[in-house]
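1. Predicted model, plus sequence, below.
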Amino acid sequence: MSNSILETILEPGELRVVFQPIFRIEGAARSVDSVEALVRGPQGTHFERADILFDYVRRKKAEAVVDQRCIAAICDAAEGLPSGVRINVNVHASTLGQNCGFADFFRRQVQKHLLALDRITVELVEHAPSCNIPELMNNLNRLREWGVRIALDDVGTGQSNYRMMLDCHPDYFKLDAYFVRDLTTDPKRCAVVESVVALANALDSSVVAEGVPSNEDLSHLEAIGVELAQANLLCPALTVKQLLACDFFSDPAFGTPVAEETAEQSVQSIDRAFAKAAAATQSFYT
Amino acid sequence: MADKILILDDDEQLVEAYRDYLTGNGYTVDCARELEEAQSLLAHFSYSVLITDLRLSKLAFGGLDLVKYVRANSFATRIIVLTAYGWPELKAEAAASGADLFLRKPTELRELGNAIDLLVGAGV
């Protein structure tokens, strides 16, 4: 009998992890602040795409079990990153809103892979209205005590609302890509971004602009006061090997990477990743 | 009076092909690109058959939501779900949600036409 989709997703080795750098955009010299771990589903299936994978997972109400499997896969992959690189991981708020032992599992996994907990930022995604806020707060407080930072994902859309901003005290607001385009020509959109920056400043948080489509928008974001950006324009999601082949971590503060690919192989695979990211932007859904 | 058919798919070329073929075969056809648009049409008009893609822009399984919407509102509409997903589990879920037929994409126009004739002929 063939496995169900969920069983297939949960099989060891089926989830793959790529990392997309988040850049500091203040000034001319852009440096990597951290990387976001992005999980892809079973290769060669429709579930390879994260949107389809996690839409299915949420439909099956299997966020907690899949989040655990994702954390394990991310920790495995992150072992190859330089020891100074900070790593963002996505976790459903509903997972942290359950008393399912996720926080303890998270700590064990991170420590088992000899990663420092203060290198990790948990990005809260899909803030289901039914989420158990007291339990979520309890787990977030535990993560903070261990040195983990908190980011609120998809700010401005869905359930990333003012209450979550107040209750979760995020270190980062990740501003949804919807708001960060056409900023030079759309004053209303610009006003929304400015209000988010002001709010973040008042709450002692930083704003990360996601999916910035153009250099003009990037310059505008910097002028508004956005400190961080994550976009295919700057760098698409790459495997650890591809990332190490880029010159992002040359600062000794990042630690010493160990690259296994030849330089030529790495350049070719990075070119393919950029082309794939550009194609994905063109045809998001087919 | 010609049977009315509603098509929900965000692939404009495909929708045009379906519309031309089905109109040429005597059906009246309405088209929607998004879930909410289809729900609104279903709430205001009576359709003999709904043809919906399983995957919609913004909603990877939005077609299933529409099937459930039709059944929850007891609309007298037969439903054909189209999809490129090859997982039997999704076919079973579509059937359990109330779909009458499940066709794999790419679907030949003649195959789609035969399926509609079958459903319309069977009555609701």
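-> Yep, it's here.
2. And for the closest residue to residue A:135 other than its chain neighbours, the neighbour number?
-> Closest residue to residue A:135 apart from its sequence neighbours, by C-beta to C-beta, 6 or more residues apart in numbering or on different chains: residue A:97 at 5.1 Å. Bear in mind the C-beta positions are built from the backbone N, C-alpha and C, glycine included. If you count neighbours by other C-beta atoms under 10 Å in any protein chain shown, residue A:97 ends up with 25.
3. Now do the contacts for residue A:97.
-> Residues in contact with residue A:97 (C-beta atoms under 8 Å, 6 or more residues apart in numbering or on different chains) are A:128, A:131-133, A:135-136, A:139.
4. try 7 Å
-> The neighbours of residue A:97, taking C-beta atoms under 7 Å, 6 or more residues apart in numbering or on different chains as the test, are A:131-133, A:135-136.
5. top of the residues you listed by neighbour count?
-> residue A:136 leads these on contacts (other C-beta under 10 Å) with 21 neighbours.
6. Quick check, pLDDT for the closest residue to chain B within chain A.
-> Going by C-beta to the nearest C-beta, chain B is nearest to residue A:55 of chain A, at 3.7 Å. pLDDT, residue A:55: 90.
7. Regarding it, what is its secondary structure?
-> helix (DSSP: H, G, I helix; E, B strand; the rest coil).
8. go on, residue A:247?
-> What three-state DSSP gives for residue A:247 is coil.
9. residue contacts, residue 100?
-> Because you didn't say which chain, this covers chain A. Shown in contact with residue A:100 (C-beta under 7 Å, 6+ apart): residue A:64.
10. oops, chain B please
-> B:78-80, B:119.
11. Now intersect the residues you listed with the helices, please.
-> residue B:119 (DSSP state H).
12. With respect to residue A:242, which of the contacts of residue B:100 is nearest?
-> Nearest to residue A:242 among those is residue B:80, at 42.9 Å by C-beta to C-beta.
13. I'd like the contacts of residue A:97 as TSV, with pLDDT and secondary structure appended.
-> Formatted as TSV, the contacts of residue A:97 follow (pLDDT from 0 to 100; DSSP: H, G, I helix; E, B strand; the rest coil):
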residue	pLDDT	secondary structure
A:131	75	coil
A:132	86	coil
A:133	86	helix
A:135	92	helix
A:136	92	helix
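14. farthest pair in these?
-> The largest separation in these, counting by C-beta to C-beta, is between A:131 and A:135 at 8.4 Å.
15. Identify the element of secondary structure that residue B:40 sits within.
-> helix B:35-44 (DSSP states H and E).
16. can I have that helix written out in CSV, keeping just the CAs?
-> Output of helix B:35-44 as CSV, limited to C-alpha atoms (Å, rounded to 0.1, in the frame of the first residue of the first chain):
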residue,chain,number,x,y,z
LEU,B,35,-12.4,31.3,-5.4
GLU,B,36,-14.5,34.3,-4.2
GLU,B,37,-15.6,35.1,-7.7
ALA,B,38,-16.8,31.5,-8.2
GLN,B,39,-18.6,31.5,-4.8
SER,B,40,-20.4,34.7,-5.7
LEU,B,41,-21.5,33.4,-9.1
LEU,B,42,-22.8,30.2,-7.5
ALA,B,43,-24.7,32.2,-5.0
HIS,B,44,-26.5,34.2,-7.7
